[in-house]
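J.: what follows is a predicted structure for the sequence shown.
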Amino acid sequence: MRVSIYRFNPETDAKPRMQDYDVAPEAGDKKLLDVLMRLKTMDDSLSFRRSCREGVCGSDAMNINGRNGLACLTSLPGLKEPVVLRPLPGFPVIRDLIVDMTQFFAHYHSIKPYLINNEEPPERERLQSPAEREKLNGLYECILCACCSAFCPSFWWNPDKFIGPAGLLQAYRFISDSRDTATAARLAYLDDVYRLYRCRSIMNCTEVCPKGLSPSHAIERIRLALVRESS
Amino acid sequence: MRLFLGQRAWVLQRVTALMLLILLALGAATLLTGPSRSYESWHALATSTHGAVLIVVFFAALCLHGWIGVRDIVLDYIHAPTLRLPLLALIAVILFAIFIRVVLTMAAHFAGGA
Amino acid sequence: MRARSASAPKFLNLSQVRFPVGAIASIGHRVSGVLLLVSLPLLALALDRSLRSKSEFDALRDLVSEPWRALLLVILVWAAAHHVLAGVRHLLMDIGVGSRLSQARTSAWAAILAAGIIALAAAVRWLS
Ligand code: HEM
Ligand code: HEM
Ligand code: SF4
Ligand code: SF4
Ligand code: FES
């Protein structure tokens, strides 16, 4: 199979170029990541991140034939050839398919991704009813791969100010948590022309989330919560 | 409602969108069911009190809705403050001028027709 | 990490990204919004003319006799149709109606196609 990959080495290249590889997948190769690993043995200068190889760590997000996805969850059958691989759109490229995630994680940290509860802790854990726990489904599964934010036009235009779908999904995960007592402060922080309201409900985020989550739905719920909060 | 934060523009855009939708539907219904689409019937409608008020309200909603819309577009694509602020100011002035123009039009004919 | 981001390249060639229908409906909404806004002065002018006299009113009704003006009007009809349909879609999705991905895809297709058909009908009527 033919794979065309975006190459950039900051030490030797003035600008990025595309490099074609021909590779024969072997019997055990099921996913795009398997082929990339095989290519790596042919050309060890090829750089990409990966770790878990099963859609849990979120490190091998890239643009695959024009759509963002995880190489380890992309099945080989059905992939259109040549398979064109580029780094996540809009993110600064460190080398080849590796992008700089600093800003992405800064947005994540800005929404305080941890439980805030200053009440006296109970003897054992803070309990939730099954119904309260149910509200976190579809939110806690996020692996912070950045497929969504790197496919969001609003994030492309304002990556420094718009929190982006991944960060907003996480924000809603804590807003929804019955054990968190900072809901009002969290909502107030998001009520901003840039942080939340750059989202134009394009739903590119939900289109590409490899975990099947819906950041656009979380954003919709945050906006409605803000309306309820202030009326 | 929180003022001077992101939510106000978002809510205002949706409220004005709804107003536009209702007024457009009302206008279309009047056109389709009205006796004739002649100058006389249009003139009578537009210079009547409720007709004139609805037209002014329509343009007010239109200018506000359009303002928030282009403001968002400028915020998305134009980042240099030296370009962004004059551009926003220019657009705001033009929109405001258009609205004033519509009010003057309606006032002129309203006075004449009453 | 070295502070290299400022000079680092970015991949953001929009012609090499495969956009979902929702994104097409959305950019259409933006383009149509701008087209409508740009034509707003003309609308205000038309309002003024239409009230001045019967002859000016009738002149407005003859606008489509000139092909290039008819073409402009067809474009504006598309813009109005697409903007209103995509706008209603947005308003409904904002309150949680049809905001599931499968439904949103269907409604995006519907808005794009319906606006196209409406524009086509206007073109057939005025340009042929
Ligand atoms: C010279 C005229 C104006 C300029 C240059 C201007 C500029 C701006 C800018 C730059 C923002 C974004 C704020 C930010 O970046 O945080 C904004 C927000 C906003 N403007 Fe204006 N504006 C003008 C007039 C108006 C008028 C006439 C209205 C409405 C009657 C209006 C309504 C709003 C609203 C609703 C927001 C949204 C969020 C908020 O309240 O902060 N503006 N304006
Ligand atoms: C007829 C004159 C109209 C003009 C000039 C106009 C203009 C605009 C513009 C420039 C935008 C900004 C687009 C963007 O941010 O991407 C916008 C957004 C919007 N318009 Fe209109 N519009 C009009 C009518 C309507 C109507 C009748 C509706 C109602 C169904 C509507 C619904 C909306 C909505 C919901 C948005 C916000 C979409 C978003 O957040 O991306 N508009 N409009
Ligand atoms: S929401 Fe989905 S696409 Fe976005 S970071 Fe989380 S897992 Fe990745
Ligand atoms: S719905 Fe909002 S967050 Fe998701 S891709 Fe669109 S603009 Fe970005
Ligand atoms: S390698 Fe961990 S998510 Fe793909």
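T.: That came in fine, so what should we check first? Ligands and ions are numbered 1, 2, ... in the order given.

J.: tell me which residues touch residue B:37, please.
T.: residue B:31 (CB atoms under 8 Å, 6 or more residues apart in numbering or on different chains). For the C-beta atoms, the positions are set from N, CA and C on the backbone; glycine is no exception.

J.: what's the pLDDT at it?
T.: Looking at residue B:37, its pLDDT is 78.

J.: residue A:227 too?
T.: pLDDT recorded at residue A:227 is 95.

J.: I'd assumed residue B:11 was in contact with it.
T.: Yes - look at residue A:227 against residue B:11 with CB atoms under 8 Å: they come within range, at 6.8 Å.

J.: OK, contacts around residue A:107?
T.: Counted by CB under 8 Å, 6+ apart, residue A:107 has contacts A:149, A:163, A:164, A:166, A:167.

J.: mind checking which of those land in strands?
T.: Nothing among those maps onto strands, per DSSP state E.

J.: who wins for most neighbours among those?
T.: Ranked by neighbour count (other CB atoms under 10 Å in any protein chain shown), the contacts of residue A:107 have residue A:149 at the top, with 34 neighbours.

J.: right, and that residue touches residue A:170 too?
T.: No - counting by CB under 8 Å, residue A:149 sits too far from residue A:170 to count as a contact (11.0 Å).

J.: contacting residues for residue A:130?
T.: Listed by CB under 8 Å, 6+ apart, the contact set of residue A:130 is empty.

J.: and it, what's its pLDDT?
T.: 98.

J.: now do the phi/psi pair for the closest residue to residue A:17 other than its chain neighbours.
T.: Setting aside the residues directly before and after it, residue A:17 is nearest to residue A:7 in space (CB to CB, 6 or more residues apart in numbering or on different chains), at 5.5 Å. Note on residue A:7: its backbone torsions stand at phi -120, psi 140 [degrees, to the nearest 10].

J.: ok, now which ones touch residue A:7?
T.: A:13, A:16, A:17, A:18, A:19, A:46, A:96.

J.: of those, buried ones?
T.: With neighbours counted using 16 or more other CB atoms under 10 Å in any protein chain shown, the contacts of residue A:7 contain these buried positions: A:16, A:46, A:96.

J.: could you tell me how many residues sit around residue C:107?
T.: Neighbours of residue C:107 under the rule other CB under 10 Å: 23.

J.: if we go by neighbour counts, what in whichever strand or helix holds it is buried?
T.: Using DSSP states H and E, residue C:107 falls within helix C:101-127. For helix C:101-127, a neighbour-count test (16+ other CB under 10 Å) marks C:101, C:104-105, C:107-108, C:111-112, C:115, C:118-119, C:122-123, C:126 as buried.

J.: with stretch C:86-94 instead?
T.: Residues of stretch C:86-94 classed as buried: C:86, C:87, C:89, C:90, C:93, C:94 (neighbour count, 16+ other CB under 10 Å).

J.: stretch C:12-28 now?
T.: Buried, per 16+ other CB under 10 Å, within stretch C:12-28: C:17, C:19, C:20, C:21, C:22, C:23, C:25, C:26, C:28.

J.: which of these lies closest to ligand 1?
T.: residue C:26 (20.4 Å; CB to the nearest ligand atom).

J.: next one: stretch A:194-202 to chain centre, how far?
T.: On the basis of CA atoms, centre = their mean, to the nearest Å, stretch A:194-202 sits 16 Å off its chain's mean C-alpha point.

J.: in space, what's closest to residue A:26 - neighbours in sequence excluded?
T.: Closest residue in space to residue A:26, ignoring its immediate chain neighbours: residue A:38 at 7.3 Å, by CB to CB, 6+ apart.

J.: please apply the same query to residue C:93.
T.: In space, residue C:93 is closest to residue C:99, 4.3 Å off (CB to CB, 6+ apart).

J.: with residue A:63 instead?
T.: Nearest non-adjacent residue to residue A:63, counting by CB to CB, 6+ apart: residue A:86, 4.2 Å away.

J.: before we move on, what about residue A:21?
T.: Counting by CB to CB, 6+ apart, residue A:21 lies nearest to residue A:3, which is 4.8 Å off, once chain neighbours are set aside.

J.: what about that neighbour, which SS state?
T.: strand (DSSP: H, G, I helix; E, B strand; the rest coil).

J.: repeat that for the one 10 residues further on.
T.: Under three-state DSSP, residue A:13 falls in the coil class.

J.: next up, the contacts around it.
T.: Counted by CB under 8 Å, 6+ apart, residue A:13 has contacts residue A:7.

J.: now do the same end-to-end measure for stretch B:72-82.
T.: Across its full length, stretch B:72-82 reaches 17 Å between end residues, using CA to CA, to the nearest Å.

J.: give me the contacts around that stretch.
T.: Identification of contacts with stretch B:72-82 by CB under 8 Å, 6+ apart yields A:154, A:157-158, A:193-194, A:198, A:200, B:9, B:84, B:87-88, B:91, C:30, C:33-34.

J.: related to what we said a few turns ago, secondary structure, pLDDT and distance to residue B:51 added to the buried ones among the contacts of residue A:7, as JSON lines?
T.: Converted to JSON lines, these look like this (DSSP: H, G, I helix; E, B strand; the rest coil; pLDDT from 0 to 100; distance: CB to CB, whole Å):
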{"residue": "A:16", "secondary structure": "coil", "pLDDT": "97", "distance to residue B:51": "61"}
{"residue": "A:46", "secondary structure": "coil", "pLDDT": "98", "distance to residue B:51": "70"}
{"residue": "A:96", "secondary structure": "coil", "pLDDT": "97", "distance to residue B:51": "66"}
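
J.: returning to that earlier point: mind checking the pLDDT average for the helix or strand hosting the residue nearest to residue A:26?
T.: Assessed by DSSP H and E, residue A:38 sits inside helix A:32-42. For helix A:32-42, the mean pLDDT works out to 96.

J.: which residues does that helix contact?
T.: A:1, A:3, A:5, A:21, A:23, A:25-26, A:28-29, A:46, A:48, A:50, A:53, A:60, A:64, A:70-72, A:74-76, A:79, A:83, A:85.

J.: okay, now residue 54: neighbour count?
T.: Picking chain A for this. When neighbours are counted by other CB under 10 Å, residue A:54 registers 11.

J.: wait, I meant chain C there
T.: Counted with other CB under 10 Å, the neighbours of residue C:54 add up to 12.

J.: next up, the contacts around the closest residue in space to it that isn't next to it in sequence.
T.: Residue nearest to residue C:54 in three dimensions, not counting chain neighbours: residue B:39, with 4.3 Å by CB to CB, 6+ apart. Counting by CB under 8 Å, 6+ apart, residue B:39 makes contact with C:50, C:53, C:54, C:57, C:58.

J.: three-state assignment of the first one?
T.: Three-state assignment for residue C:50 (three-state DSSP): helix.

J.: isn't it up against residue B:41?
T.: No - counting by CB under 8 Å, residue C:50 stays clear of residue B:41, with 11.8 Å between them.

J.: give me the more crowded residue out of these two.
T.: Shown here are residue C:50 and residue B:41; by other CB under 10 Å, residue C:50 has more neighbours (20 against 13).

J.: before we move on, the earlier item: let me know the closest of the buried residues of stretch C:86-94 to ligand 3.
T.: residue C:93 (18.3 Å).

J.: and after the lowest-mean-pLDDT helix or strand in chain C, which helix or strand comes next?
T.: None of the helices or strands of chain C scores lower by mean pLDDT, DSSP states H and E than helix C:54-61, at a mean of 90. Scanning forward in sequence from helix C:54-61 by DSSP H and E, the next helix or strand is helix C:67-94.
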